[in-house]
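S.K.: sequence and computational prediction follow.
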Amino acid sequence: MSHFNKPNYSTGTKKKKGIPAGLYTKCPASGEIVFNKELEDNLMVVPKSGYHFPLGARQRIAALFDPETFVEMDAGLRSADPLKFVDLQAYPDRIKKYEKASGLKEAVIGGVGKIHGIPVAVAVMDFRFCGGTLGSACGEKITRVIEAALAQKIPCVIFSASGGARMQEGIYSLMQMAKTSAALGRLAAARLPYISVLTNPTTGGVSASFATLGDVNLAEPGALIAFAGARVIKETTKQTLPAGFQTAEFLLRKGLIDQIVGRHELRDRLRDLLTALYLKKKPAPAA
């Protein structure tokens with residue numbers, strides 16, 4: 001029998017093994033496939049393309065602060081249900097789901113620690129909890145961080161990652177914009193520096209309040225920064241919008257953002273800024 005007549009036993013008889021779930025992630029910028037472990041070890045930054053995936057609040061704090069210096073504040077503060085809000089699901093049930101998915105009690109972690117030996121009060125938002133939305137507990141925790149900076153006479157740094165106001169809390173959520181902004185006003189009056197770091201995404205009421213009120217506004221590369229969605233803005237203004245107008249890079253050119261800083265350089269950049277804005281302006285100790 002010639003080889004042309006031999007049956008091909010391999011064709012259609014062997015199943016291709018799939019890639020096990022949870023091992024790899026595809027980079028949206030380059031299409032590169034990256035091991036999840038490699039991503040986690042690299043602070044969720046794709047090594048070749050530099051694309052920044054979201055980073056959890058606790059991981060960010062661990063990478064930012066000097067070892068064993070961070071002390072968390074108000075860890076037990078949680079959202080209430082002032083409006084008894086129910087859509088497809090009761091609000092308290094949604095909160096339980098977000099707690100389980102994120103391992104957090106709220107969309108922000110606040111506390112005090114040291115960056116290169118410089119004392120700092122910090123609030124770090126986490127998009128995994130209810131899209132990082134600003135509710136009453138979240139706004140209260142951020143305000144208390146600002147007040148801790150004021151009481152201890154130290155700088156304040158806030159990392160924003162948010163979908164905006166939390167609709168399930170209605171006007172109570174919107175009031176957090178005024179509350180946090182007023183606290184930052186008191187911090188400014190005391191001549192204490194506030195550095196805002198906008199990460200992907202920072203939108204809605206958060207972008208319209210404390211996220212853009214920094215003495216210095218930093219952003220991570222490629223971060224989406226916006227008040228409303230592009231479609232809503234286009235329909236409202238009846239204008240053709242420039243490409244990429246809601247990116248950190250576009251806003252840097254327009255002056256809303258002062259610097260774009262990669263995640264690996266951020267700790268040292270904060271040291272440099274805090275040295276210039278805080279340490280060099282502290283009064284010399286009495287002789």
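M.R.: That came in fine, so what should we check first? Numbering: from 1, shown residues only.

S.K.: pLDDT below threshold where in the stretch 1-150 of the chain?
M.R.: For the stretch 1-150 of the chain, the stretches flagged by pLDDT under 70 are 1-21.

S.K.: where along it do the strands fall?
M.R.: Per DSSP state E, counting those that start in this stretch, the stretch 1-150 of the chain carries strands over the ranges 24-26, 33-35, 71-73, 108-115, 118-125.

S.K.: want to throw those into TSV with distance to Ala228 and mean neighbour count?
M.R.: Placement of C-beta: from N, CA and C, glycine included. Shown next, in TSV, are the strands of the stretch 1-150 of the chain (distance: least, C-beta to C-beta, whole Å; neighbours: other C-beta atoms under 10 Å):
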stretch	distance to Ala228	mean neighbour count
strand 24-26	29	14
strand 33-35	33	14
strand 71-73	32	13
strand 108-115	22	22
strand 118-125	19	24
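
S.K.: a markdown table for those, including distance to Gly135?
M.R.: What follows is those, written out as a markdown table (distance: least, C-beta to C-beta, whole Å):
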| stretch | distance to Gly135 |
| --- | --- |
| strand 24-26 | 30 |
| strand 33-35 | 34 |
| strand 71-73 | 17 |
| strand 108-115 | 10 |
| strand 118-125 | 12 |
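
S.K.: between these, which one is closest to Asn200.
M.R.: Closest to Asn200 of the strands of the stretch 1-150 of the chain is strand 118-125 (C-beta to C-beta; 11.6 Å).

S.K.: what's in contact with that closest one?
M.R.: 57, 60-61, 64-65, 70, 107-114, 132, 138, 141-142, 145-146, 148-149, 152, 154-162, 199, 206, 270-271, 274-275, 278-279 (C-beta atoms under 8 Å, 6 or more residues apart in numbering).

S.K.: list only buried entries from those residues.
M.R.: Burial by neighbour count, 16 or more other C-beta atoms under 10 Å: within the contacts of strand 118-125 this picks out 57, 60-61, 64-65, 70, 107-113, 132, 138, 141-142, 145-146, 148-149, 154-162, 199, 206, 270, 274, 278.

S.K.: low-confidence ranges in the stretch 151-287 of the chain?
M.R.: Using pLDDT under 70, the stretch 151-287 of the chain drops low at 283-287.

S.K.: please enumerate the helices of it.
M.R.: Counting by DSSP state H, counting those that start in this stretch, one finds helices in the stretch 151-287 of the chain at the ranges 170-189, 204-207, 230-237, 248-254, 266-277.

S.K.: which of those sits closest to Arg78?
M.R.: Here helix 170-189 is closest among these (C-beta to C-beta), at 14.1 Å.

S.K.: got a list of contacts for the closest one?
M.R.: For helix 170-189, the surrounding residues in contact (C-beta under 8 Å, 6+ apart) are 82-83, 85, 133-136, 138-140, 142-143, 146-147, 149-150, 156, 165-167, 194, 205, 208-210, 213, 215.

S.K.: for the helices of the stretch 151-287 of the chain, which one ends up most surrounded?
M.R.: Neighbour counts (mean count of other C-beta atoms under 10 Å) averaged over each of these peak at helix 204-207, with a mean of 25.
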